[in-house]
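Engineer: Build me a model from this:
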Amino acid sequence: LGQLADARRLYEQALEIATADGNAHNIAAALDHLALVAKRSGRYDEALRLALQSLAQHRELGDSAGVALCLNNLAALYMARQERAAALPHLREALALSERDGIGASQIYVLANLSELTMASGDLPAAARYAMRAIEVTAAMGNRAVHAWAVMQAARVALRRGALDEARRGLAAGLAEAIAIRQTTLHAVGLVALAELLRAQAEPERSRQVLAFGAEHPTTTAPDRDEMRALLAQSGTSAPPPWPAALAMDELLHRIVAEAAQAHAPLIALLRG
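Structural biologist: Below is the predicted model of the structure:
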C-alpha cells in the first residue's frame, strides 16, 4: 500500500508537469498510470474515470499503441468490477488493433485477459486458445512476467477440463517463474489456482484456508483480494479453519511448486494440523 501511495504521488506530479508543458502524450500516459494505481488500490470508480479520460486522449492523438493498451487496461478494470460483458468489446478492439499494427507489448496482455474472461464465461476451448497464444507470444518476446501469468492461466483452464495433473504441472511451472523474477503481483494467481485445485481434490476446507490467507495478506492488491473474498463467499458462510502460524507466504509458494508431483499432500497435511 505504501508503494501504491508513492506511485500515485509520482504520477500526479508527472500529470502536473505534462499539463503545464501541454504535452498531450505524457498527459494521456500519466492518466493511464493513475488509473492502474487507483484500480490496484480498490478505488474502482476513480480508476474508471481516469481510464476513460486516458482512452479519449489517446484516441484524439491517433496513438494506436496507446489506445490498445488503454482498452486492455479498461477491460481489466471492468473485469475487476465483475462487469465482464462490458470488458469483452474493449478486449476485442484491443486485439484487433494490436494484431493490425504489430503491437506485441499490448497483445500479450489482451490475450491473457481474453483467456481469463472466456474461462469465466465457460468457453474453455476459447480460453485455452487464448492462453496458449499468450504463452507463445510472451516466450518469443521474453516477457517472463506475462508468460508466467499465461502458464498459470492455462493451468486453471486445464483444471476445468478435469486434467488435474496437467493443472498441477502448469501451476508449478508458472509460479516458479514468478518466484524467480520476484513478481509478487502474480502470487495471488498462484493462490487462487491452488485453491481451485484443492477443491477439485475434495479438500474444500483447505481451499477456503488458502483463499482466506491470500485475501488478508498485505501483499495482495485490491482486485485480487476482492476475487478471493468472492470465491470464499461462494464456498460457504462458515469461518475457514485457522492458518498455521509458521507457514509464511514465501514457504507456501515454494511448497506449491515443490509438491506438485505429490498433489500437495504434505501441504494438505500441514493445513489440516
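Engineer: Let me know how buried the residue lying closest to H33 once chain neighbours are set aside is, in neighbour terms.
Structural biologist: Using Cβ to Cβ, 6 or more residues apart in numbering and skipping residues adjacent in sequence, the residue nearest H33 is Y11, 4.6 Å away. For glycine as for every other residue, the C-beta is placed from the backbone atoms N, C-alpha and C. Applying other Cβ atoms under 10 Å, we find 21 residues neighbouring Y11.
Engineer: what does P240 give?
Structural biologist: Neighbours of P240 using other Cβ under 10 Å come to 19.
Engineer: Which secondary structure state does it sit in?
Structural biologist: Assigned by DSSP: H, G, I helix; E, B strand; the rest coil, the conformation of P240 is coil.
Engineer: how about it, what does it touch?
Structural biologist: E205, R208, Q209, L211, A212, L232 (Cβ atoms under 8 Å, 6 or more residues apart in numbering).
Engineer: hmm, back to that, what are the neighbouring residues in contact with the residue nearest to H33?
Structural biologist: A30, H33, L34, V37.
Engineer: just to confirm, which helix or strand has the second one in it?
Structural biologist: Right, H33. helix 24-40 (DSSP states H and E).
Engineer: how far out from the middle of the chain is that helix?
Structural biologist: 18 Å (Cα atoms, centre = their mean, to the nearest Å).
Engineer: pLDDT on it, on average?
Structural biologist: Throughout helix 24-40, pLDDT has a mean value of 94.
Engineer: on that earlier part again, just to confirm, which helix or strand has the residue nearest to H33 in it?
Structural biologist: helix 2-21.
Engineer: how much does the lowest-mean-pLDDT helix or strand in the chain deviate in direction from helix 24-40?
Structural biologist: Lowest by mean pLDDT, DSSP states H and E among the helices and strands of the chain is helix 2-21, with a mean of 90. In terms of direction (axes from the mean of the first three to the mean of the last three Cα atoms, to 10 degrees), helix 2-21 departs from helix 24-40 by 160 degrees.
Engineer: after the helix or strand encompassing P89 comes which helix or strand?
Structural biologist: Counting by DSSP H and E, the element that carries P89 is helix 84-101. The first helix or strand that comes after helix 84-101 along the chain, using DSSP H and E, is helix 104-120.
Engineer: Is it correct that A131 is in contact with Q153?
Structural biologist: Yes - counting by Cβ atoms under 8 Å, A131 does reach Q153; the two are 4.9 Å apart.
Engineer: ok, and for the helix holding P89, which residues are buried?
Structural biologist: A87, L88, H90, L91, E93, A94, L95, L97, S98 (16 or more other Cβ atoms under 10 Å).
Engineer: got any ranges where the stretch 1-150 of the chain has weak pLDDT?
Structural biologist: Across the stretch 1-150 of the chain, the ranges flagged by pLDDT under 70 are 1-2.
Engineer: re the thing from before, looking at the buried residues of helix 84-101, which is nearest L55?
Structural biologist: H90 (8.8 Å; Cβ to Cβ).
Engineer: Just list the residues touching that closest one, thanks.
Structural biologist: Taking Cβ under 8 Å, 6+ apart as the test, what H90 contacts is L71, N72, L74, A75, Y78.
Engineer: Secondary structure element holding the second one?
Structural biologist: Per DSSP H and E: N72 is located in helix 64-80.
Engineer: How far away from the center of its chain is that helix?
Structural biologist: Relative to its chain's centre, helix 64-80 lies at 13 Å (Cα atoms, centre = their mean).
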